[in-house]
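**Student:** Quick check, what structure comes out for this input:
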Amino acid sequence: MNVSAVDSLLSQMRAAVAQAEGRTPILLNTSSPGIGSSRGVSTGSGGAVDFATVLKSSLDQVAQTQNQAQTLEQRFAAGDPRVSLSDAMIGMQKANISLQATIQVRNRLVSAYNDIMNMTV
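**Tutor:** Numbering: from 1, shown residues only. The predicted structure is shown next:
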């Protein structure tokens, strides 16, 4: 099991919680792909990151995490000696956390859209 990957995920989760509570701005982590990462994201004009590209990249990462967790679960259930129960459970928890983070982002986007639509001009 890769301890540095778990530590990286934990630090990303802490940064996301801090950003959600308004304590600190979110920082893009380019050292490892995942939540808050800009790896593989192309930039638009002037070096700015395109929102649609970031969104698609994030959703692709969530789907990949879920697929990896499902594969680990199937391999463990099939009796693969190279996959331990802890690896399968950690993979499933990573997939769950990434899905919950995506749902929270969606909820905030919908809320922001509703707030903008309810503004009087």
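**Student:** Any stretches of the protein with poor pLDDT?
**Tutor:** 1-7, 9-10, 17-47 (pLDDT under 70).
**Student:** Scan this protein for its longest helix.
**Tutor:** helix 85-117 (DSSP state H).
**Student:** name the helices or strands packed onto that helix?
**Tutor:** Applying 3 or more CB pairs under 8 Å, 6 or more residues apart in numbering; DSSP states H and E, one finds that helix 85-117 contacts helix 3-20, helix 51-77. In short, each C-beta sits where N, CA and C put it, glycine included.
**Student:** how about that helix: buried residues?
**Tutor:** 87-88, 90-92, 94-95, 97-98, 101-102 (16 or more other CB atoms under 10 Å).
**Student:** what's the closest of the residues you listed to Glu73?
**Tutor:** Ala88 (5.2 Å; CB to CB).
**Student:** isn't the closest one right up against Glu73?
**Tutor:** Yes. Counting by CB atoms under 8 Å, Glu73 is a contact partner of Ala88 at 5.2 Å.
**Student:** Need the phi and psi values for Val49.
**Tutor:** phi -80, psi 130 (degrees, to the nearest 10).
**Student:** how about Gln100, what does it touch?
**Tutor:** By CB atoms under 8 Å, 6 or more residues apart in numbering, the contact list for Gln100 is empty.
**Student:** And Asp50, how close does it get to Ile103?
**Tutor:** 23 Å (CB to CB, to the nearest Å).
**Student:** Turn the helices and strands packed on helix 85-117 into CSV, columns for mean neighbour count and distance to Tyr113.
**Tutor:** Below are the helices and strands packed on helix 85-117 laid out as CSV (neighbours: other CB atoms under 10 Å; distance: least, CB to CB, whole Å):
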stretch, mean neighbour count, distance to Tyr113
helix 3-20, 13, 18
helix 51-77, 15, 13
